[in-house]
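> model this:
(one chain, ligands or ions: 2)
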Amino acid sequence: MPLRCGLIGRPQCGKTTVFNAITSAHASMFDAAETHRATVAIPDPRVQELVNLYRPAKVSPSCLDLVDIPGLEEGATSEGGRGSKLLTHIKESDVLIHVVRCFENGHAAVDAIHDVEIIDLELMSADSQTLERKIERIAKRVKSGDKDAVRESEDCQRVLNRLHEGLPARRQNLSESEKASVFECTLMSLKPVLYVANVDGPESLASDSVEALTAYGEREGSETVAVCGRDEADISELPEEDRQAFLEELGLHEPSVERIIHAAYRELGLVDFFTAGEKEVHVWTCKAGSTAPAAAGKIHTDMERGFIRMEVIAYDDLMEHGSEDAVAKAGKQRLEGKEYLIRDGDIVVVRFSPSR
Ligand SMILES: Nc1nc2c(ncn2[C@@H]2O[C@H](COP(=O)(O)OP(=O)(O)OP(=O)(O)O)[C@@H](O)[C@H]2O)c(=O)[nH]1
Ligand SMILES: [Mg+2]
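Residues are numbered from 1 along each chain as shown. Ligands and ions are numbered 1, 2, ... in the order given. Okay, the predicted model is just below:
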């Protein structure tokens, strides 16, 4: 399942522009009501190195599913607003990429924090309704003295009260019990957020607005990535071989797609590992700190269930020695058991007993 990212933000903040910059798509910016969706391969220079080494028949990179979610504005999520489709897109996202206008547009002054707060208010207002509905739904069980229901209801009420105080769920430092009680509500203000400060040009990459947004994000543990949306969308339309030179001219070394994806990986605590051979080089994504069986389960559930051990080579060791055999001779190939915690860049072979 690809990593699902939803682009949100106020009207005209540059969501579709950033979508185009990331996906090299040419989505029209004129139909503001339209949802754009694209799946892009996550760029990783290590994959090319592995391809050079193994010459596989097939390459399967990790993918990112990006949705440009339009129409999030004051009142959008209220009853009668054109909310529900919008909310579904947000609820389905693993991480929200919140685009914030930091460029002058001749109509309204730049006010990054104010813009963020307006979107948060919308998310919180929809979340409040969801929590109220849940509290109502379990009220009968609470009345009858059902202990689980009482605890759940109290947890939900506490989260709701803090929403009313203006605190998005992701800033509430929820207890384990509260997390469990609100789990089925898929609260939108609990989703991990990555802020994208959309600036006019390279000279504004460290502007006051970007700094204010970065500080705001840090308070909740969210990263901020500054991008020159319009310039980068233009560059993404150029032939691949010309892009780097134009990026460097902007003072950027990595295109925004890479900066945004790396930040999303950090935000979600994800790592990539590989299976590699003549047939296929395949990138797999899992949570950092996953055990070897859990990681193997990403490849196939049978591999998790019947896990015996994992042969592991670190990517850097493979590059240093040049082949699996040479790594083994150098004593760097490892046999790991069930307790092993997968590391970014591991190249693995899973030994397992297939289920009958
Ligand atoms: N100067 C400048 N203009 C930008 C930048 N990014 C986007 N714009 C302009 O801002 C306007 C809105 O951009 P869009 O990408 O359509 O914004 P949006 O958030 O998708 O807008 P809606 O879908 O209507 O909510 C367009 O005229 C863009 O050309 C930027 O980095 N600098
Ligand atoms: Mg748009």
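
> Please name every helix or strand in contact with the one helix or strand residue 47 maps to.
Assigned by DSSP states H and E, residue 47 belongs to helix 45-54. Contacts defined by 3 or more C-beta pairs under 8 Å, 6 or more residues apart in numbering; DSSP states H and E place helix 45-54 against strand 270-276, strand 280-287, helix 315-321. C-beta coordinates here come from the backbone N, C-alpha and C atoms, glycine included.

> Now do the same for the second one: mean pLDDT, whole number.
Confidence over strand 280-287 (mean pLDDT, whole number) is 94.

> Any idea how many residues pack against whichever residue of the chain sits closest to ligand 2?
Closest contact between the chain and ligand 2, by C-beta to the ion, is at residue 16 (3.3 Å). By other C-beta atoms under 10 Å, the residues close to residue 16 number 24.

> these two touch, right, it and residue 66?
No: under the criterion of C-beta atoms under 8 Å, residue 16 makes no contact with residue 66, lying 11.2 Å away.

> The lowest-mean-pLDDT helix or strand in the chain near ligand 1 at all?
Taking mean pLDDT, DSSP states H and E as the measure, the chain has helix 83-91 as its least confident helix or strand, at a mean of 80. No: Helix 83-91 does not reach ligand 1 (C-beta under 6 Å from any ligand atom); its nearest approach is 11.8 Å.

> Can you name every helix or strand that that helix contacts?
strand 3-8, helix 112-137.

> and the angle from the shortest one to helix 112-137?
Meaning strand 3-8. 110 degrees (axes from the mean of the first three to the mean of the last three C-alpha atoms, to 10 degrees).

> Could you report the distance from residue 108 to residue 12?
Residue 108 sits 9 Å away from residue 12, going by C-beta to C-beta, to the nearest Å.

> Mind checking which of those two has more residues around it?
Ranked by neighbour count (other C-beta under 10 Å), residue 108 and residue 12 place residue 12 first, with 14 against 11.

> That one reaches residue 100, doesn't it?
No: between residue 12 and residue 100 there is no contact, the gap being 11.7 Å when judged by C-beta under 8 Å.

> Check whether the least confident helix or strand of the chain comes near ligand 2.
No: judged by C-beta under 5 Å from the ion, helix 83-91 stays clear of ligand 2, getting no closer than 12.7 Å.

> Tell me where this protein has strands.
Applying DSSP state E to the chain gives strands spanning 3-8, 36-41, 58-60, 63-68, 95-101, 193-198, 224-227, 270-276, 280-287, 307-314, 334-336, 346-352.

> Cheers, nothing more for now.
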